[in-house]
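# After the sequence you'll find the predicted model.
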Amino acid sequence: MNETLDMKDVRSYSIENIEELMISYGEPKFRAKQLFAWLHEKRVENFSDMTNLPASLRKKLIEDCRLITLKPVKVLESAIDGTCKYLFELYDGNIIESVFMRYKHGNSVCISSQVGCRMGCKFCASTLDGCVRNLTASEMLEQIYRIEAHKGERISNVVIMGSGEPLDNFDNLIRFIDLITDEKGFNLSGRNITVSTCGIVPKMYELAEKGYPLTLAVSLHASTQEKRKALMPIANKYDIHELIKACKDYFEKTGRRMTFEYSLVEGVNDGDEDARELIALLKGLNAHINLIPVNPIKERNFTQTKKEAVLIFKDKLEKSGKNVTIRREMGRDINGACGQLRRSYIDESKKE
Ligand code: SAH
């Protein structure tokens, strides 16, 4: 499943990696800074556009490296709230999906971390055909760079909540976080990054060790081990109590309040008992709960919890002292749940 790039992926390189490359080319070290600026500040699409580099170096780069650039193949803009969904083609022909959202506190982009996903959550469209490959750090960065260029507006928040499981692509995720927060690059504050995971427990401990100030969002979706197992295969590997322990550790190590995502499915996880169990499960944890009325996908038989029932569920959690929000539905007019746009595009292309 690992991506095997045929050439050097310089847009995923740290400045130190680029310095080593310049030395191997027999170039002075200061060229690394220039190249880094072209890659992450000016964000050019061709080595030949890097006009302050000598022609001989540009030639070497063209021969030895691949400049990862995403090609937008479809852009859908919501007439309701300005949300934009993008389909990007990768260098090997794979298609991924990203979303731009406008909020009061700034512009946010939701990016994918893998082509497809192998976690198998029952309600999710991204995982129906498994995982094709991991995305490189450069492919994660490029989703943000291309969207910023297309919108002409600064992006202030990045959520890694699109297709894929970011902690299943850990090394590239770390590279991505280090690059997007680099002062000489995009210079995003770590506080404005959210990483969403289905709960790969050992990787959560590893991420906590990194000490980033980012927000970790955990997809919980159930309040007991039995119910969680029925929705999320990852629960077979890591018990719900192990998961909660890892969340406590994450908070203790980073001081960052956790977010729990809870997709409400009618008659499955939205009852009185579910709310009570959830309150008991999260007791003593400094956490924010994000309720998401499940987005029905045509391949599965899940129904959204009705609005009134969502409010009742929310009210119960709030009465126990929890901080709760209901996920606002964005871009309702431009295709539903995550991964659905990509699927419908691939299906259409197959027909043609
Ligand atoms: N793999 C990561 C991030 C991708 S999914 C994770 O599991 O967290 C982002 C969020 O959307 C997760 O909470 C996921 O469970 C949820 N999700 C996926 N499909 C959904 C659907 N059809 N309706 C509601 N939420 C969904």
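The structure has been received and is ready for your questions.
# My guess is residue 11 contacts residue 140. True?
No - taking contacts as C-beta atoms under 8 Å, residue 11 lies outside contact range of residue 140: 10.2 Å. In short, each C-beta sits where N, CA and C put it, glycine included.
# who has more neighbours, these two?
Counting neighbours by other C-beta atoms under 10 Å for residue 11 and for residue 140 shows that residue 140 has the greater number, 31 against 24.
# which ones are touching that one?
Each residue near residue 140 by C-beta atoms under 8 Å, 6 or more residues apart in numbering is listed here: 111, 112, 113, 160, 172, 173, 176, 180.
# Look at the fifth one and say how many residues are nearby.
What that stands for is residue 172. Neighbours around residue 172, by other C-beta under 10 Å: 21.
# Likewise for the last one?
Residues contacting residue 180 under the criterion other C-beta under 10 Å number 24.
# how close does it sit to the ligand?
Per C-beta to the nearest ligand atom, to the nearest Å, residue 180 is found 17 Å from the ligand.
# The third one now?
Noted for residue 113: a distance of 7 Å to the ligand, by C-beta to the nearest ligand atom.
# isn't that residue right next to residue 166, touching?
Yes - here residue 113 reaches residue 166: they are 4.2 Å apart, a contact under C-beta under 8 Å.
# Now do the shared contacts for those two.
Jointly contacting residue 113 and residue 166 under the rule C-beta under 8 Å, 6+ apart are 160, 173.
# hmm, back to that, and the contacts of residue 140, which is closest to residue 330?
residue 111 (15.1 Å; C-beta to C-beta).
# Can you tell me how far the closest one is from the ligand?
Distance of residue 111 to the ligand, given as C-beta to the nearest ligand atom: 10 Å.
# One more: residue 9?
Computed as C-beta to the nearest ligand atom, the residue 9 to the ligand distance reads 23 Å.
# Count the residues that sit near that residue.
Neighbours of residue 9 (other C-beta under 10 Å): 19.
# Who are the contact partners of the spatially most central residue of the chain?
Closest residue to the average C-alpha location of the chain: residue 160 at 1.7 Å, with C-alpha atoms, centre = their mean. Counting by C-beta under 8 Å, 6+ apart, residue 160 touches 110, 111, 113, 140, 166, 173, 193, 194, 195, 196.
# The fourth one - that's part of a strand, no?
So the one you mean is residue 140. No - counting by DSSP: H, G, I helix; E, B strand; the rest coil, one finds residue 140 to be helix, located in no strand.
# can you map out the strands along the stretch 1-150 of the chain?
Assigned by DSSP state E, counting those that start in this stretch, the stretch 1-150 of the chain shows strands spanning 71-77, 84-89, 95-103, 106-110, 114-116, 131-134.
# and for the shortest one, what are the contacting residues?
Read it as strand 114-116. 90, 94-96, 126-127, 129-135, 163-165, 168-169.
# What subset of the residues you listed is buried?
90, 94-96, 126-127, 131-135, 163-165, 168-169 (16 or more other C-beta atoms under 10 Å).
# okay, the angle between the helix or strand bottoming out on mean pLDDT in the chain and strand 84-89?
For the chain, counting by mean pLDDT, DSSP states H and E, helix 340-351 ranks last in confidence among helices and strands (a mean of 80). Here helix 340-351 points in a direction 40 degrees away from that of strand 84-89 (axes from the mean of the first three to the mean of the last three C-alpha atoms, to 10 degrees).
# What helices and strands are in contact with helix 340-351?
Applying 3 or more C-beta pairs under 8 Å, 6 or more residues apart in numbering; DSSP states H and E, one finds that helix 340-351 makes contact with strand 71-77, strand 84-89, strand 95-103.
# hmm, who's touching stretch 143-159?
Identification of contacts with stretch 143-159 by C-beta under 8 Å, 6+ apart yields 43, 69-70, 72, 75, 84, 86, 88, 96, 98, 100, 103, 105-112, 180, 186, 188, 192-194, 196, 217.
# first vs last residue of it, how far apart are they?
Across stretch 143-159, the terminal residues are separated by 12 Å (C-alpha to C-alpha, to the nearest Å).
# need the strands for the stretch 251-352 of the chain, in chain order.
Counting by DSSP E, counting those that start in this stretch, one finds strands in the stretch 251-352 of the chain at the ranges 258-264, 287-293, 323-326.
# who are the neighbours in contact with the residue lying closest to residue 280 once chain neighbours are set aside?
The shortest distance from residue 280 to any non-neighbouring residue, by C-beta to C-beta, 6 or more residues apart in numbering, is to residue 223 (7.8 Å). By C-beta under 8 Å, 6+ apart, the contact set of residue 223 is 269, 274, 275, 277, 278, 280, 281.
# since we're on the last one, how many residues are nearby?
Neighbouring residues of residue 281 were enumerated by other C-beta under 10 Å; the total is 18.
# Please look at it and residue 240 and confirm they touch.
Yes - between residue 281 and residue 240 there is a contact under C-beta under 8 Å: 7.2 Å.
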